[in-house]
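**Q** Build the 3D model from these lines:
(chains A and B)
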There are 2 protein chains.
Amino acid sequence: MKQIHDYIDDHWQEGIADLIRLCRQPSISAQGVGMPEMAQLLAQMMNEYGIRALIIPVPGSKFPVVYGEIAGESSVTLLFYDHYDVQPPEPLELWTSPPFEPVQREGKLFARGVSDNKGNIVARLLALKAFQKTRGRLPISVKFLIEGEEEIGSPNLGAFVKRNRRLLRADACIWECGGVNWKDQPIIMLGLKGILYVQLEAHGASQDVHSSMGTVVPNPAWRLVWALSSIKDTDENIQIAGFYDNVRPPTKQEIKAIKAMPRDDEETKQSLGLKEFIKGVTGFKYKSRHILEPICNICGLDSGYTGPGSKTVLPCVARAKLDFRLVPDQHAEEILSKLRKHLNSHGFSDITIAPTTEGENPARTPLDSPFVNIVSSTGKEVFGADPVIIPSMAGSGPMYYFTDTLALPTAGIGVDYLGSRAHAPDENIRLADFILGTKHVAALLERMASDWQPQQKGRSKRWK
Amino acid sequence: MKQIHDYIDDHWQEGIADLIRLCRQPSISAQGVGMPEMAQLLAQMMNEYGIRALIIPVPGSKFPVVYGEIAGESSVTLLFYDHYDVQPPEPLELWTSPPFEPVQREGKLFARGVSDNKGNIVARLLALKAFQKTRGRLPISVKFLIEGEEEIGSPNLGAFVKRNRRLLRADACIWECGGVNWKDQPIIMLGLKGILYVQLEAHGASQDVHSSMGTVVPNPAWRLVWALSSIKDTDENIQIAGFYDNVRPPTKQEIKAIKAMPRDDEETKQSLGLKEFIKGVTGFKYKSRHILEPICNICGLDSGYTGPGSKTVLPCVARAKLDFRLVPDQHAEEILSKLRKHLNSHGFSDITIAPTTEGENPARTPLDSPFVNIVSSTGKEVFGADPVIIPSMAGSGPMYYFTDTLALPTAGIGVDYLGSRAHAPDENIRLADFILGTKHVAALLERMASDWQPQQKGRSKRWK
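**A** Next comes the predicted model:
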């Protein structure tokens, strides 16, 4: 591996130059800006790195998938999931330098997308190049699935993955995000929660009426309040029948990993100006609740008059936006159906439920997967620090299509640090992290070649 | 009385000319437009009608009270409560003719304020003039309290009345609003509900956070929903301890009057596109619920993201605007205090309550008051139809200062009809109603002189 790492040390600026090329090209999926140009540029760059790249149109989507593959010594195959779209750069006035004019300063590279997720794409590419330039060939085979809709909720990714199971066949998957914490320990992320986002609507009269009519005219704001309060009690227990039925208990290793995660509850509490968290949780209880619990959150409430002062009005409609964050093995579709049944059985059949998307299922790779061991031990070697293994993020993403549809053990690693400001102005990565992140990918490829046995003992049944 | 009525028949156009003068002067309290000019014009006009008029500054208010008095044959005194301010005229594009350029067409006079409440002011004045011009003197004494803040909630009227009890001493009060129904029966209005309008606020973190933090970060939208649902149950029962304690049961006469009121529930239901009213009420149950029940209404709900689509946010604040409509003998202050206790005792001491005004107490004049008999029998004579007596409106107003602070039996009569469009574009009155409404006031003055006995038997204790 020394030869490979030396190559990376000598040539990382070439990677940064390519990253600057990618970041100069805006690719804002939410605004439809620069997307075909970006797909074209990316496929071309992948060709330059010796990868056979295809731009695959996605039915129902304006933005194609960029797919790539390259055979290695071994048929063992690693799939990289990344995305070429970025968040909108606004508010522009808060950027120190323009978002699509990448600038290096103080050992960092600033640009929209440099952290999320173009930096990781180029780090993966550069690791492959190191093998090709030094040994002429990769130790294992590699595939890329780089989508253009991640920042708008990956609405077509599930169907794409299902339609292309054979194309995407692999042994394991590296997820698009990861990096180091403030102690420069590498973070390895093994799961995401699922999400079901719905809008509830209650309707009353055909128009708003004077509030004195509240004696006789049904008020949809009251009906919504009553319906919502039936969904979750004041002790944070979700009252939907069967809601918790499919929650898989955490494994001993997951509990151990959560215990080993550094605390940040005190800092978070202070930064949010809170006296205490829900149920007063701190330390381990805080972390395990955050990572393991499914929740139901009100994202928005809207009805009637919401301006200054008073208006005596009885509204004709009331709306709530809710998101359910789901954990294995809850499914978005199952929870939607249980929510409907709950409202019906509690006398709220008049309240409509509009899912804003089809939702995402939760995903989690077991800690006893040999792939986790490979990702972790190579991370320790490259970063010189014990990795922090996070069994699941509290957030959501389309990982289920990889862990379950494709049955791949999946881990997130990358070139971020906690100051990367993804989705915010002055998004950036540290150049040193880019080098280490590239080396980690290289070490991982090498180790997969030596240690990975497709049907090895101890492999979780989930990954058959 | 024939002489008086003949005078009105011969001279009503002079009244209309004066009404046009008043309506040409905008007096929009909410926008601070034309208010001093209006007070000046009104006082001057009252002088022209032989009334000693004063413009009395009101502490804490930009808009003075116009007070007037004129002695008559008898010391029996009738107080007229009216207001010289009007609602904003917007939306201007919906007016057939400009709101402050009064126009007669099809037997009606159109202008902002012509119905609410300048038409009544001039009808009262013209009735006085009829006596003065024919007999040289009024049969009884008359006072006017014409405020400039009715359309903005009369925030200073209570204090004004309390400070000026002696000045306002009288035997009975005629309220600013009234008219006829579609069958041309005169409507006599004997009460108003009280109102307590509050904004409840729940606060969470110091800023909005990502909704995945809902595992640990308290969500004020949930707290608000739980608090609201504790206030009223799904059967419309208000759960605040002692809320109904001071609700005075309706008298037999009130029940009888409500039974005699024409039904309009079917029309209302159809016009509002409702399948049914709360608890399926119709007919008498609809009317009595509407008139007699205190309610708690949600006027507005606001929290987090309320735009299109989804945003995964955990809001830092949630707000609800509530109005309580109160019936005798509930008091706004009492209910505010009980609401605070309720929230505290149900674990919601963190939720703040901000009253938007000091509230209004309910007011109701008993049907057995001799004044009601006088107003009703003179109404029957003038209009040639049985009056409809409404024990209380479902709406609210500052009547309590007259019925309770000044201990005056109070009844609303006036020159409106159901198509008057008060507060709306094309506000208007019918000229025929203006004549009848003027005659009703004249007949009332005459009858007060003959029939009113300040300490007569049967006078309700409330009016001592």
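**Q** so who does the residue nearest the centre of chain A touch?
**A** By Cα atoms, centre = their mean, the mean C-alpha position of chain A lies nearest to A:Gly397, the distance being 3.9 Å. Going by Cβ atoms under 8 Å, 6 or more residues apart in numbering or on different chains, A:Gly397 touches A:150, A:154, A:192, A:360, A:363. Every residue, glycine included, has its C-beta placed from N, CA and C.
**Q** Assumed A:Gly15 was part of a helix.
**A** Yes - A:Gly15: assigned to a helix according to DSSP: H, G, I helix; E, B strand; the rest coil.
**Q** measure the closest residue to it other than its chain neighbours to chain B for me?
**A** The shortest distance from A:Gly15 to any non-neighbouring residue, by Cβ to Cβ, 6 or more residues apart in numbering or on different chains, is to A:Leu126 (3.8 Å). Shown here: A:Leu126 relative to chain B, a distance of 31 Å by Cβ to the nearest Cβ, to the nearest Å.
**Q** what pLDDT does A:Gln456 get?
**A** pLDDT, A:Gln456: 47.
**Q** hang on, the earlier thing: most neighbours among the contacts of A:Gly397, which one?
**A** Sorting those by how many neighbours each has (other Cβ atoms under 10 Å in any protein chain shown) puts A:Leu192 first, at 29 neighbours.
**Q** What pairs with the helix or strand containing A:Leu192, parallel or antiparallel?
**A** Assigned by DSSP states H and E, A:Leu192 belongs to strand A:191-192. Strand A:191-192 pairs in its sheet with strand A:363-364 (antiparallel), by DSSP bridges.
**Q** roughly how far is the partner strand from the heart of the chain?
**A** Strand A:363-364 sits 11 Å away from the centroid of its parent chain (Cα atoms, centre = their mean, to the nearest Å).
**Q** Repeat that for stretch A:47-64.
**A** For stretch A:47-64, the distance from its own C-alpha centre to the chain's C-alpha centre is 21 Å (Cα atoms, centre = their mean).
**Q** The residue nearest to A:Gly15: what's it in contact with?
**A** A:Leu126 sits in contact with A:8, A:11-12, A:14-15, A:18, A:438, where contact means Cβ under 8 Å, 6+ apart.
**Q** out of these, which are buried?
**A** Neighbour counting with 16 or more other Cβ atoms under 10 Å in any protein chain shown marks A:8, A:12, A:15, A:18, A:438 as buried within the contacts of A:Leu126.
**Q** which of those residues sit farthest apart?
**A** Pairwise distances across the buried ones among the contacts of A:Leu126 (Cβ to Cβ) peak at 13.6 Å, for the pair A:Ile8 and A:Asp18.
**Q** And stretch A:122-141, what's buried?
**A** So for stretch A:122-141, counting by 16+ other Cβ under 10 Å, buried means A:122-132, A:138-141.
**Q** Correction: the previous question concerned stretch A:146-157.
**A** A:146-154, A:156-157.
**Q** Just name the closest of those residues to chain B, please.
**A** Ranked by distance to chain B (Cβ to the nearest Cβ), the buried residues of stretch A:146-157 are led by A:Gly153 at 8.0 Å.
**Q** Help me confirm that the closest one comes into contact with A:Thr357.
**A** Yes - between A:Gly153 and A:Thr357 there is a contact at 5.5 Å, judged by Cβ atoms under 8 Å.
**Q** pLDDT wise, what is the residue of the stretch 51-200 of chain A found nearest chain B at?
**A** Nearest residue of the stretch 51-200 of chain A to chain B, counting by Cβ to the nearest Cβ: A:Tyr197, 4.5 Å away. Note on A:Tyr197: pLDDT of 94.
**Q** That one is in what secondary structure piece?
**A** Using DSSP H and E, A:Tyr197 falls in strand A:194-203.
**Q** Give me the distance between that strand and the centre of its chain.
**A** From the chain centre to the centre of strand A:194-203 is a distance of 21 Å (Cα atoms, centre = their mean).
**Q** same deal with stretch A:66-81?
**A** The answer for stretch A:66-81 is 22 Å, by Cα atoms, centre = their mean.
**Q** Next: stretch A:74-94.
**A** Here stretch A:74-94 is found 10 Å from its chain centre; the criterion is Cα atoms, centre = their mean.
**Q** so the residue nearest to A:Gly15, which of the three states?
**A** A:Leu126 - assigned by three-state DSSP - is helix.
**Q** can you pull the pLDDT of it?
**A** Taking A:Leu126 on its own, its pLDDT is 98.
**Q** now swap in A:Val76 and tell me
**A** Confidence score, pLDDT, at A:Val76: 97.
**Q** Likewise for A:Arg459?
**A** The score at A:Arg459 is 37. That number is its pLDDT.
**Q** what's the helix or strand hosting A:Asp6 packed up against?
**A** Element membership for A:Asp6 (DSSP H and E) is helix A:2-24. Helices and strands touching helix A:2-24, by 3 or more Cβ pairs under 8 Å, 6 or more residues apart in numbering or on different chains; DSSP states H and E, are helix A:35-48, strand A:108-110, helix A:119-135, helix A:431-451.
**Q** which one of those is the most hemmed in?
**A** helix A:119-135 (a mean of 24; mean count of other Cβ atoms under 10 Å in any protein chain shown).
**Q** how far out from the middle of the chain is that one?
**A** 23 Å.
**Q** what's the angle between it and helix A:431-451?
**A** In terms of direction (axes from the mean of the first three to the mean of the last three Cα atoms, to 10 degrees), helix A:119-135 departs from helix A:431-451 by 60 degrees.
**Q** tell me the angle helix A:119-135 makes with helix A:35-48.
**A** Here the directions of helix A:119-135 and helix A:35-48 differ by 20 degrees (the same axes, to 10 degrees).
**Q** ok, the closest residue to A:Phe160 other than its chain neighbours to A:Arg163 distance?
**A** Spatial nearest neighbour of A:Phe160, chain neighbours left out: A:Val58 (5.4 Å); criterion: Cβ to Cβ, 6+ apart. Distance of A:Val58 to A:Arg163, computed by Cβ to Cβ, to the nearest Å: 9 Å.
**Q** Can you pick out the residue with more neighbours from the two?
**A** A:Val58 (19 against 13).
**Q** contacting residues for that one?
**A** A:Val58 makes contact with A:64-65, A:147, A:149, A:156, A:159-160, according to Cβ under 8 Å, 6+ apart.
**Q** Save the residues you listed as CSV, and put in distance to B:Pro250, pLDDT and secondary structure too.
**A** Below are those laid out as CSV (distance: Cβ to Cβ, whole Å; pLDDT from 0 to 100; DSSP: H, G, I helix; E, B strand; the rest coil):
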residue, distance to B:Pro250, pLDDT, secondary structure
A:Pro64, 73, 97, coil
A:Val65, 72, 98, strand
A:Glu147, 68, 98, strand
A:Glu149, 64, 95, coil
A:Asn156, 64, 94, coil
A:Ala159, 65, 95, helix
A:Phe160, 68, 97, helix
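**Q** Looking at those residues, spot the one nearest A:Gly178.
**A** For the contacts of A:Val58, the minimum distance to A:Gly178 (Cβ to Cβ) is 17.5 Å, reached by A:Glu147.
**Q** For that closest one, give the beta-bridge partners.
**A** A:His83.
**Q** correct me, but it touches A:Ser154?
**A** Yes - under the criterion of Cβ under 8 Å, A:Glu147 makes contact with A:Ser154 at 6.5 Å.
**Q** interface residues of the stretch 51-200 of chain A facing chain B?
**A** With Cβ under 8 Å from any Cβ of the partner chain as the criterion, the stretch 51-200 of chain A meets chain B at residues A:193, A:195, A:197, A:199.
**Q** give the contact list for the last one.
**A** This points to A:Gln199. A:319-322, A:353-354, A:356, B:310.
**Q** ok, 7 Å please
**A** By Cβ atoms under 7 Å, 6 or more residues apart in numbering or on different chains, the contact list for A:Gln199 reads A:319, A:321, A:354, A:356.
**Q** and if you look at the second one?
**A** By Cβ under 7 Å, 6+ apart, the contact set of A:Ile195 is A:323-326, A:359-360, A:396.
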